[in-house]
Every structure is written in structure tokens, then in C-alpha cells.
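Undergrad: What follows is a predicted structure for the sequence shown.
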Amino acid sequence: MICAVVGSPIAHSLSPVMHRAAYAELGLDWAYEAVEVHEGELGAFVGALGDDVRGLSVTAPLKREAAAAAHQHDEVVETLGVANTLVVDDGMLSAYNTDVPGAIAAIQEVGVKAPRTARVLGGGATATSMALALVRLGVEELSFVVRDPARAVEATQVARGRGIEVHVRNIDEPLIEKVDLLVSTVPDEAVGSRSYELADSSRAVFDVVYDPWPTSLGRAAVEAGLPVVSGIDLLAHQAALQVELMTGSIVSPQLLRDAALSALSPR
């Protein structure tokens, strides 16, 4: 069987090393490739898939197209309208989102089980997915820290629609209240000199960036002795869920994390 990751650009993707490590562990003679598919091309691509294709991991900018291309959707895809996983079964295409449950698993893995308050840096698509993950973790009060409030409209709607108290703050405002969990969905350079201030205002930190690691925020959090979740942790957990969906078998996220870190080390 063949699986692949699709998106653009795709050369940097760590999905091939993680999924191939899973196949080796499971004793599967499967192939996993990285395929450049540009925006607007996914529909034609999946329409031409051969019978030997079992699944696709989907990355930017194709996650909305993946949801639209599928015949069936899981609950997260129905909610967010984005999918990062397509599974082919008897000609039927099913769309899943493993980013949200993967984020939940990564957060819980470091001992953060039931955060009540959270702060999200950024307001784009990743922030929206993280908002749903935080809602499912039981967060009751959520703040989005952004430069442009318009960027956070979809993310705030996801949270408010589920009864969460939501605030939108300007990124230049001082951080007064301490939160149980800080989630950064912005590039490291956007955090800049505020890393230590941000870490000091949090009881745990999740930075979705993974290359390079540690980020300035991740380093500040480690120095403060906080529980820290990295983008690699998220990648490993969501990929483990993809492997289960595509193969029906369970692999350890640690196996995939080790494979990803080994691939990153020469970079």
C-alpha cells in the first residue's frame, strides 16, 4: 500500500520519516512519499489516485480542500472545515483532523490535564484548531493575543460558540493575569524579547514551532521550570493518530518523535 503527505511546499515535511518509522515498527511493507500539490489542485489529485493508495496526510495550503473533497467527515472536520488526513476505503474518501486530538494528547502528556485559563498567541488557522483543543480540555476562559483583532474572528467564534469566556488582546498590551496554559502559534521572531514575560505569566507553555527548537519562548519556559510542549510533540501525536487511521495499528508517539528529532538534527 501507498500513503503520502501532500501540500506546498512539501520538501521540509517530517511526515515521511515518522510514517516510515511506524511502518518499520509494525512490519508493514508500505511506502510513504512526499508529493507537491499546489493550492486548487487537490480535487484533481485525489480523483486520480490508484487503488493502491490508502491515505494522505494533508498540510498547508490544502486542509480546506481536503475537507471539501471527502465523502465523510469526523466531528472536528465538521466543526472547523479543515482536514489533515484523508483515508481511502472502497473508493470512499473520509476526512479526519488529528491536529486537535493530537494537541490534546501532547498537552496532557506533560501533566497539564485540566487547564481552566489559557492564552493563545495568534489568531489564524492553527490558533482556531488550538482553540477547539482547549475547549475540549475544559478551558473556561480564553484570551487571544493578536496584532489585528480581525485575524481572530474564526478562532473566537469557535470558543464562544461553546460557552467559553473569550477576550481579544492587542499583542502590545501588558500581561496582567497569569494563565494555566500559554499556546503560541506565531513564529519565534514574533515573540521576540517578550519570551520571559510570557513564560512568567503562564503555568505551562505550548509552542507549536519545532524548527528551530528550542525557540526563545521554549527556552524561557524550560528555564522557569514549566511544563513545555513543542511542535515536535504535536507532530508526533497527530502522526500516530494518522498511522492508526490508515493502518488500523497503534504506534507510540515517542517512536515518531525520535524519528522526527533524528531528521531535524542534521539541519
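TA: Right, received. Where do you want to start? Bear in mind the structure is a predicted one, so any value in this text is a computation, not a measurement.

Undergrad: do you know how far residue 218 is from residue 141?
TA: 24 Å (CB to CB, to the nearest Å). C-beta coordinates here come from the backbone N, C-alpha and C atoms, glycine included.

Undergrad: Give me the more crowded residue out of the two.
TA: residue 218 (26 against 17; other CB atoms under 10 Å).

Undergrad: In contact with the more buried one: list those residues for me.
TA: 205, 207, 209, 228, 230 (CB atoms under 8 Å, 6 or more residues apart in numbering).

Undergrad: Checking my notes, it in a strand, right?
TA: No - under DSSP: H, G, I helix; E, B strand; the rest coil, residue 218 sits outside any strand and is assigned helix.

Undergrad: Distance of it relative to residue 144?
TA: Taking CB to CB, one finds residue 218 at 20 Å from residue 144.

Undergrad: Quickly list what the closest residue to residue 9 other than its chain neighbours is bridged to.
TA: Take residue 9 and drop its neighbours on the chain: the residue closest to it by CB to CB, 6 or more residues apart in numbering is residue 36, 7.3 Å away. Here residue 36 sits in beta bridges with residue 7, going by DSSP bridges.

Undergrad: thought residue 36 was touching residue 12?
TA: No - contact status for residue 36 versus residue 12: not in contact, 11.5 Å apart, counting by CB atoms under 8 Å.

Undergrad: quick one: the strands in the protein?
TA: In the chain, strands defined by DSSP state E lie at 2-7, 31-36, 53-58, 72-73, 85-89, 92-96, 117-121, 141-146, 165-170, 181-184, 205-207, 228-230, listed in chain order.

Undergrad: tell me the most buried of those?
TA: Greatest average neighbour count among the strands of the chain goes to strand 205-207 (a mean of 29), per mean count of other CB atoms under 10 Å.

Undergrad: what's that one in contact with?
TA: Here strand 205-207 makes contact (CB under 8 Å, 6+ apart) with 103, 106-107, 130, 181-184, 188, 198-199, 215, 217-218, 220-221, 226-231, 234.

Undergrad: any idea which helix is longest in the chain?
TA: Ordering each helix of the chain by length in residues (DSSP state H) puts helix 231-247 first.

Undergrad: Mind listing what's buried along it?
TA: Neighbour counts over helix 231-247 (16 or more other CB atoms under 10 Å) mark 231-243, 245-247 as buried.

Undergrad: With stretch 249-267 instead?
TA: Buried, per 16+ other CB under 10 Å, within stretch 249-267: 251, 253, 255, 256, 257, 258, 259, 260, 261, 263.

Undergrad: No more questions from me, cheers.
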